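Engineer: Model the following, please.
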Amino acid sequence: MPLFQKALTISSSAPFISLTDLTDLDALGERWRVLEKRARASFFQSWTWVGCLAAERFPDPVVLAVQQDGRDLALALFNRRTSRLSPKTLWLGESGIPSLDAMYVEHNGILLDRDHADLLPPILRAALGPAVGRVVLSGVDDAHLQAAQHTNALVRVHRSQPAPYIDFTHIAPDANAFLAGLGPNTRYQLRRSARRYAAQGPLSVHRAANIAEAQDMLDELARLHQISWVERGRSGAFANPYFRKFHRELITRAMSRGEVDLLRISAGPQLIGCLYNFRFDGGVLAYQSGFNYPAAGPHQKPGLTSHHLAIDMYRAEGEQRYDFLAGEERYKSSLSNASTTLHWFDVVPTWSPRGVITRLLGMNRGGQT
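Structural biologist: Reported below is the predicted structural model:
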């Protein structure tokens, strides 16, 4: 039974929006794949990612759909949670349960037909219907934030982060053009590190050829990743068992579609590091990594060297973009030539209990929400 439904405009063929309890995950997946081909989607909006362990990650799933003449123009999968202040909270592409959201979604958003970007503001207004007290959007772009700001609701931005990337289309095809476009200090460090590693043997990138090899490489990456993070006094991503479970399933789903790469970077017999990347719609997303810091000698930079070799490989293969995802780590900005911004925020009806409390707190602090 729909939680909410209405026409978006007054017309006999108007787009029709609905918010409905999900009853058939497989059927939604089929619809999603069809719309995916007509959308400007990221890998995190693909059914490969959204549908991975979806029955576990969305224990109370709600689907928002915009249709016109039987055709989907927009789709979104939310999980619904209840709290004291928000009778119904919808989490876009997340569960709202920290242990299940450890994968850290980015480039998130409503899956939208590329010719109907104008539907985003009314979609978010509709998501805040009478049955909903709050909508949480994590890792979304400027367009989603601007659309939320036109809902006449309270928008509370918790975090905004740059997401640096390399636009290969702005780099000449010359093999040395990428290095030439970097700052002098970054060029020096990359060249010096490459020379030091080359003394141990030829530099190489090995791509996992099948699911079994990719799973083994993920385990190797996880081992390196955990060593590095534990030494810094942090738990590391793979400390959460569900993180590893999700990605083992994701690799199985994505490998046959050519949407995932596990890379092993070496200097002769010496392991330098491992990269776990997504490939989607002409771009590469550098999602996770593990570097062999314990074996690194003076002036050897395993992270910089691993990314540099991967970048050269992807450029040669015709990819258009290498995305470092959100974060302000220095290596990301040093290697990038472009950046976008991702936002984490929630939207609350102005006169809901949470909205009233939020406004009062803002007034008491002399600030704005």
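
Engineer: Work out for me the element the residue nearest to Ala239 when sequence neighbours are not counted sits within.
Structural biologist: Closest residue to Ala239 apart from its sequence neighbours, by CB to CB, 6 or more residues apart in numbering: Gln226 at 7.0 Å. Yep, even glycine has a C-beta here, placed from its N, CA and C like the rest. Using DSSP states H and E, Gln226 falls within helix 211-231.

Engineer: May I see the buried residues of the helix or strand just after that helix?
Structural biologist: Remark: after helix 211-231, the chain's next helix or strand is helix 241-255, criterion DSSP H and E. Buried positions in helix 241-255, judged by neighbour count with 16 or more other CB atoms under 10 Å: Tyr242, Phe243, Arg244, Phe246, His247, Leu250, Ile251, Arg253, Ala254, Met255.

Engineer: Who are the packing partners of helix 241-255?
Structural biologist: helix 47-50, helix 211-231, strand 260-267 (3 or more CB pairs under 8 Å, 6 or more residues apart in numbering; DSSP states H and E).

Engineer: ok, which stretches of the stretch 51-200 of the chain are strands?
Structural biologist: 61-68, 71-81, 89-92, 111-112, 134-140, 154-167 (DSSP state E, counting those that start in this stretch).

Engineer: can you put these in a markdown table and add distance to Cys52, mean neighbour count and mean pLDDT?
Structural biologist: Below are the strands of the stretch 51-200 of the chain laid out as a markdown table (distance: least, CB to CB, whole Å; neighbours: other CB atoms under 10 Å; pLDDT from 0 to 100):
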| stretch | distance to Cys52 | mean neighbour count | mean pLDDT |
| --- | --- | --- | --- |
| strand 61-68 | 14 | 21 | 95 |
| strand 71-81 | 12 | 22 | 96 |
| strand 89-92 | 16 | 24 | 95 |
| strand 111-112 | 15 | 26 | 98 |
| strand 134-140 | 16 | 24 | 96 |
| strand 154-167 | 21 | 18 | 96 |
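
Engineer: Would you mind giving the ones you listed as CSV with distance to Ser18 added?
Structural biologist: CSV is the format used below for the strands of the stretch 51-200 of the chain (distance: least, CB to CB, whole Å):
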stretch, distance to Ser18
strand 61-68, 5
strand 71-81, 11
strand 89-92, 14
strand 111-112, 15
strand 134-140, 16
strand 154-167, 24
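
Engineer: now the helices for the protein?
Structural biologist: 25-36, 47-50, 54-57, 120-127, 142-148, 177-180, 184-198, 211-231, 241-255, 302-316, 330-335, 353-364 (DSSP state H).

Engineer: contacts for the longest one?
Structural biologist: Contacting residues not belonging to helix 211-231 are listed as 208, 235-239, 244, 247-248, 251-252, 255, 260, 262-264, 271, 273-276, 288-294 [CB atoms under 8 Å, 6 or more residues apart in numbering].

Engineer: so how far is it from its chain's centroid?
Structural biologist: Relative to its chain's centre, helix 211-231 lies at 20 Å (CA atoms, centre = their mean, to the nearest Å).

Engineer: Can you tell me how far the residue sitting nearest the centre point of the chain is from Thr48?
Structural biologist: In the chain, the residue lying closest to the centroid (CA atoms, centre = their mean) is Glu106, at 2.5 Å. As judged by CB to CB, to the nearest Å, Glu106 and Thr48 stand 15 Å apart.

Engineer: Roughly how far does the nearest residue to Ala254 once chain neighbours are set aside sit from Gly93?
Structural biologist: Spatial nearest neighbour of Ala254, excluding adjacent residues (CB to CB, 6+ apart): Val260 at 3.9 Å. For Val260, the distance to Gly93 equals 18 Å [CB to CB].

Engineer: Equivalent analysis for Ala127, please.
Structural biologist: 13 Å.

Engineer: what residues are shared contacts of those two?
Structural biologist: With CB under 8 Å, 6+ apart, Ala127 and Gly93 have common neighbours Ala76, Phe78.

Engineer: Show me how the protein divides into domains.
Structural biologist: As assigned by automatic domain parsing, the chain contains the domains 2-161+341-364, 172-336.

Engineer: any idea how far the nearest residue to Tyr314 once chain neighbours are set aside is from Ser193?
Structural biologist: Nearest residue to Tyr314 in three dimensions, chain neighbours excluded: Val284, at 5.2 Å (CB to CB, 6+ apart). As judged by CB to CB, Val284 and Ser193 stand 21 Å apart.

Engineer: And Leu19, by the same measure?
Structural biologist: For Leu19 relative to Ser193 (CB to CB), the value is 52 Å.

Engineer: One more: Leu128?
Structural biologist: From Leu128 to Ser193 the distance is 51 Å (CB to CB).

Engineer: and the closest residue in space to Gly282 that isn't next to it in sequence, what does it touch?
Structural biologist: Counting by CB to CB, 6+ apart, Gln320 is the residue found nearest to Gly282 once chain neighbours are left out, at 4.4 Å. Applying CB under 8 Å, 6+ apart to Gln320 gives the contacts Asp167, Phe168, Thr169, Gly282, Gly283.

Engineer: Of those residues, just say which sits nearest to Asp60.
Structural biologist: Distances from these to Asp60 were compared by CB to CB; the smallest belongs to Gly283, at 32.7 Å.

Engineer: ok, back up a step: which one of the strands of the stretch 51-200 of the chain lies closest to Leu100?
Structural biologist: Between the strands of the stretch 51-200 of the chain, strand 71-81 lies closest to Leu100; by CB to CB that is 8.7 Å.

Engineer: so the closest one versus helix 120-127, what angle?
Structural biologist: 40 degrees (axes from the mean of the first three to the mean of the last three CA atoms, to 10 degrees).
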